[in-house]
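Chemist: What follows is a protein structure lacking sequence information:
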């Protein structure tokens, strides 16, 4: 079953347990799936469609969105297109320059003051964002096998504590993650992430399965390499993977408003 994101009014004014399905499926497909940078397939950039759906579901016009580990212009561009303010962080200076150049090309000059792109070392990320504590309507984080954890030693104990501090009351934390191979075995980070978020005082709203491929076998997207291989009959080579990850997992949390307890 596919369910569309609920508007912010539903999220913020009604008990999360009554208004949200425990599991939801979003179609976030693009023509060409971004290439994973790891063998497990979990380190895949956020698509523009997923970014826009999260922003529409969790924020209102003029709200602040924070992208903690920007890997593409998707969240920045989505926020600007929807009239939100955006602060994005990256630990790669070259990537920061590429993202900013893409944003400048995609958006008119009058939109650009709404974007703040920051480069910092992983251990300094939250120090650089300390002036934004309690102000974000949406914080987007990634939890993948190659992604450095922002923050100092405390972040290794609870990866949700400092993102939670950036949220305003009623704000949302979206953690994008997925199954991966660790020590030779399949590892699901979701249970530990949910526990850490609850320890940080957040309410677990929903597990979103974000499909990267259409839900039709005849519409399975192909990368340029796969399309070329299909045309020439050269399949099964290392450059043309025979399996691809169908989805990523998005764990959605909210910061309770005054007088509401986390559950």
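Modeler: Yep, it's here. A quick note: this is a predicted structure, and the numbers were derived from the prediction, not measured.

Chemist: Just confirm residue 65 contacts residue 141, I think it does.
Modeler: No - between residue 65 and residue 141 there is no contact under C-beta atoms under 8 Å: 12.0 Å. C-beta here means a position set from N, CA and C on the backbone, and glycine is covered the same way.

Chemist: So which of these two has more stuff around it?
Modeler: Taking other C-beta atoms under 10 Å, residue 65 and residue 141 do not tie; residue 65 has more neighbours (29 against 23).

Chemist: can you tell me which residues contact the more buried one?
Modeler: For residue 65, the contact set (C-beta atoms under 8 Å, 6 or more residues apart in numbering) comprises 55, 59, 75, 79, 84-87, 136-140.

Chemist: what is it paired to in the beta sheet?
Modeler: For residue 65, the beta-bridge partners under DSSP bridges are residue 86, residue 138.

Chemist: Can you give me the distance of it to residue 108?
Modeler: To residue 108, residue 65 is 19 Å away according to C-beta to C-beta, to the nearest Å.

Chemist: and if you look at residue 80?
Modeler: Residue 80 is 9 Å from residue 108, where distance means C-beta to C-beta.

Chemist: Kindly state the beta-bridge partners for residue 115.
Modeler: residue 86.

Chemist: There's contact between residue 22 and residue 207 in this structure, I believe.
Modeler: Yes - look at residue 22 against residue 207 with C-beta under 8 Å: they come within range, at 6.6 Å.

Chemist: between those two, which one's more packed in?
Modeler: Ranked by neighbour count (other C-beta under 10 Å), residue 22 and residue 207 place residue 207 first, with 16 against 9.

Chemist: Okay, now stretch 66-76: how far is its last residue from its first?
Modeler: End-to-end distance of stretch 66-76 (C-alpha to C-alpha, to the nearest Å): 9 Å.

Chemist: Name the helix or strand for the closest residue to residue 107 other than its chain neighbours, please.
Modeler: Closest residue to residue 107 apart from its sequence neighbours, by C-beta to C-beta, 6 or more residues apart in numbering: residue 80 at 5.2 Å. Using DSSP states H and E, residue 80 falls within helix 74-81.

Chemist: what about that helix, average pLDDT?
Modeler: Averaging pLDDT along helix 74-81 yields 96.

Chemist: which strands and helices sit next to it?
Modeler: Helix 74-81 sits against helix 48-58, strand 64-67, strand 85-90, helix 93-106, strand 115-119, with contacts defined as 3 or more C-beta pairs under 8 Å, 6 or more residues apart in numbering; DSSP states H and E.
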